[in-house]
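>>> after the sequence you'll find the predicted model.
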Amino acid sequence: LDENRVRKLNRELVHNNAQLQQYSYIVSHNLRAPIANLLGLSRLFNSKNLMDDRNLKVIRNIESSASNIDSILKDLNKILAIKKDISSEKEEVSLDEIIYKVLKSLEREFIEIRPRIDLDMKVTKLLTIKSYITSIFTNLISNAIKYRSLDKECQITIRTYQADQCMVIEVEDNFIFV
């Protein structure tokens, strides 16, 4: 192989490695919350008294968390399937539905801190890659919880609106500087 070909192959390998690192980060970050939910719910299940009224609710929440993990894995598999033409993978998604699923996946964290979530959705549909926008909202909302100010109520505001030819998504929270 000539030197130029070796350099090109090296650049491709470095690029592919960076993409794999980003993918592994997304996988671990997005699965952390629903798996934490499953662990917490399994501890709430009363195995000593199967007729405990609370068990039915626990089972329903376990099913919901497992379904959420399945959905996340399907979305992440789509990321792996994307080749060079990323525009062919775009689809119209409901931002309301995406945000609802993300909030549902973080429900366990919400029980403890009870954040106030304000939605101001002037635009509710977006042509995008569903797994990407889900990952973005998961990161933004979970970081808002993780880095919230402990001195005041956790507040997260999500706004969408049209500005010129663009759709704007704003996520505001009361984070602290570390």
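Received it, and whenever you're ready, just let me know what you need. All figures in this text were calculated on a predicted structure; none of them were measured in a lab.
>>> what residues of stretch 111-131 count as buried?
Buried positions in stretch 111-131, judged by neighbour count with 16 or more other Cβ atoms under 10 Å: Pro115, Leu126, Thr128, Ile129, Lys130, Ser131. Where C-beta positions appear, they are placed from N, C-alpha and C, glycine not excepted.
>>> tell me how far the residue found closest to Ile69 once you drop the neighbours it is linked to in the chain lies from Gln155.
With Cβ to Cβ, 6 or more residues apart in numbering as the criterion, Ile69 has its nearest non-adjacent residue at 4.8 Å, and that residue is Pro34. Separation of Pro34 from Gln155 (Cβ to Cβ, to the nearest Å): 24 Å.
>>> and these two? Which one has more around it.
Pro34 (24 against 15; other Cβ atoms under 10 Å).
>>> which element is the more buried one on?
Pro34 belongs to helix 3-44 when elements are defined using DSSP states H and E.
>>> can you check Asn55 too?
helix 53-81.
>>> show me what the helix or strand following that helix is packed up against.
Scanning forward in sequence from helix 53-81 by DSSP H and E, the next helix or strand is strand 91-94. Helices and strands touching strand 91-94, by 3 or more Cβ pairs under 8 Å, 6 or more residues apart in numbering; DSSP states H and E, are strand 125-128, helix 130-146.
>>> got the CA coordinates for strand 91-94 in PDB?
Coordinates of each C-alpha in strand 91-94 appear next as PDB, following Å, rounded to 0.1, in the frame of the first residue of the first chain:
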ATOM      1  CA  GLU A  91     -38.900  10.400   9.700                       C
ATOM      2  CA  GLU A  92     -41.500  12.600  11.100                       C
ATOM      3  CA  VAL A  93     -41.600  12.300  14.900                       C
ATOM      4  CA  SER A  94     -44.000  13.600  17.500                       C
END
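>>> list the contacts of the next helix or strand after it.
For strand 91-94, the following helix or strand on the C-terminal side (DSSP H and E) is helix 95-105. Applying Cβ atoms under 8 Å, 6 or more residues apart in numbering, the contact partners of helix 95-105 are 33-34, 37, 64-65, 68, 71-72, 110, 117, 119, 121, 123-126, 130, 133-134, 137-138, 141, 158, 160, 169.
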